[in-house]
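> Kindly return the folded structure for what I paste below:
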Amino acid sequence: MAKTIITAALTGAITPRGYQVPETPEQIAQEAYECWKAGASIVHLHMRDDQGMGVMDPVKFYETIRLIRAHEDCDVIINCTSSGGPGLDGTRSTQSRLEHFQKIPDIEVGSFDAGTFNWGIPGGIFSNSPTFLTTLGGLYQERGIKPEFEVFDLGMIRAVGVYWKKGVVKAPLHFQLCLGVVGGMDTTPREVQEMLTEIEHLQATGNLPREVTWSAFGIGKGHLPVMFSALANGGHIRVGMEDNVMYSKGVLADCNAQFVERAVRVSREFGREIATPDEAREILGLKK
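Numbers count the residues shown, from 1 in each chain. Purely as a prediction, here's the structure:
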């Protein structure tokens, strides 16, 4: 991978208030624009309600995207979550996770969390049933949205291969290696390497296509080890306050763009230039 795609995950669903995390459509859109100016080619969007809690609100998604596109020069790729808000344990309706994809035309990428697992917090079951994922994959194909396969352990990588072989999703595939959740894999270089080895094994046995790209992030203090490991292995990277609110030990981050600026510097130190949004579209197989 000659150039680095930087994804900025701006808000998330569970990071509490008090850490400069953007919450309103206006705040999220402005930080998206600032991250794009700093070098991010993708912004990953969650929404918050008026109490600062995660919510799947199609009106808020629409307003945020409208405000991003109000910057006529901003061609950043819009990547929206398919999960965020109450009901992660499966009590939330499928429709609430799909409605913004059905109604908003400017979404190019959507998350596809490839399995159910424990977050490691009270009541923290993250439910992604095969029925829901099959429905989600069909909607993405219908709407021309590229799935971003968020995988938290080796079994989820294998599951993506099963959905691919069944035609629920189509190549080329893009993985987001998500490291640091208590119910998933840890944030060490060894875990990154294990996930890449599993992808290569599944490709060699015909259980994943050859057309695969990948990115990675680590939660909290695992942010830097995973970023460095991803770059060393030729991958792409995700940064931002959804995953980490500390810029360094004991130092709170001021904004999302601060993480993007560091990712740009580090990537260039590795001899990798930064992909523009249109270059990222070409790498990922999206339409310009």
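
> ok, and the closest non-adjacent residue to Ile5?
His236 (4.0 Å; CB to CB, 6 or more residues apart in numbering). To be clear about C-beta, it is placed using only N, CA and C from the backbone, and glycine gets the same treatment.

> you'd agree that neighbour is up against Thr7?
Yes - the pair His236 / Thr7 is scored as a contact, 7.3 Å apart, by CB atoms under 8 Å.

> residue contacts, the residue nearest to Ile5?
Contacts were defined as CB atoms under 8 Å, 6 or more residues apart in numbering; by that measure His236 touches Met1, Thr4, Ile5, Ile6, Thr7, Thr213, Trp214, Ser215, Ala216, Ala230.

> Can you get me a residue count around Trp214?
By other CB atoms under 10 Å, 22 other residues sit near Trp214.

> Cys255 contacts Gln20, correct?
Yes - using CB under 8 Å as the test, Cys255 is close enough to Gln20 to be in contact (6.2 Å).

> Find residues that contact each of the two.
With contacts defined as CB under 8 Å, 6+ apart, the residues adjacent to both Cys255 and Gln20 are Met241.

> Which of those two has more residues huddled nearby?
Neighbour tally, Cys255 and Gln20, criterion other CB under 10 Å: the higher count belongs to Cys255, 20 against 15.

> which residue ranges form the strands in the stretch 51-200 of the chain?
Secondary structure of the stretch 51-200 of the chain (DSSP state E, counting those that start in this stretch): strands located at 54-55, 77-80, 109-113, 117-118, 125-126, 146-151, 173-179.

> and those strands as JSON lines, adding distance to Lys288?
Rendered in JSON lines, the data for the strands of the stretch 51-200 of the chain read as follows (distance: least, CB to CB, whole Å):
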{"stretch": "strand 54-55", "distance to Lys288": "32"}
{"stretch": "strand 77-80", "distance to Lys288": "11"}
{"stretch": "strand 109-113", "distance to Lys288": "14"}
{"stretch": "strand 117-118", "distance to Lys288": "36"}
{"stretch": "strand 125-126", "distance to Lys288": "34"}
{"stretch": "strand 146-151", "distance to Lys288": "13"}
{"stretch": "strand 173-179", "distance to Lys288": "17"}
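
> Quick one: closest of those to Pro25.
The closest of these to Pro25 is strand 54-55. By CB to CB, the value is 11.6 Å.

> which secondary structure elements does the closest one contact?
Under the contact criterion of 3 or more CB pairs under 8 Å, 6 or more residues apart in numbering; DSSP states H and E, strand 54-55 touches strand 47-48.

> For beta bridges, what are the partners of the residue nearest to Ile5?
Counting by DSSP bridges, His236 forms beta bridges with Ser215.

> Can you list which of the contacts of His236 are found in strands?
Here DSSP state E is the test, and these give Thr4, Ile6, Thr7, Thr213, Trp214, Ser215, Ala216 as lying in strands.

> Kindly indicate the member of the residues you listed with the most neighbours.
Using other CB under 10 Å as the neighbour test, those are led by Ile6, with 28 neighbours.

> so that residue sits right up against Ala263, yeah?
Yes - with the criterion set as CB under 8 Å, Ile6 and Ala263 qualify as a contacting pair; they are 5.1 Å apart.
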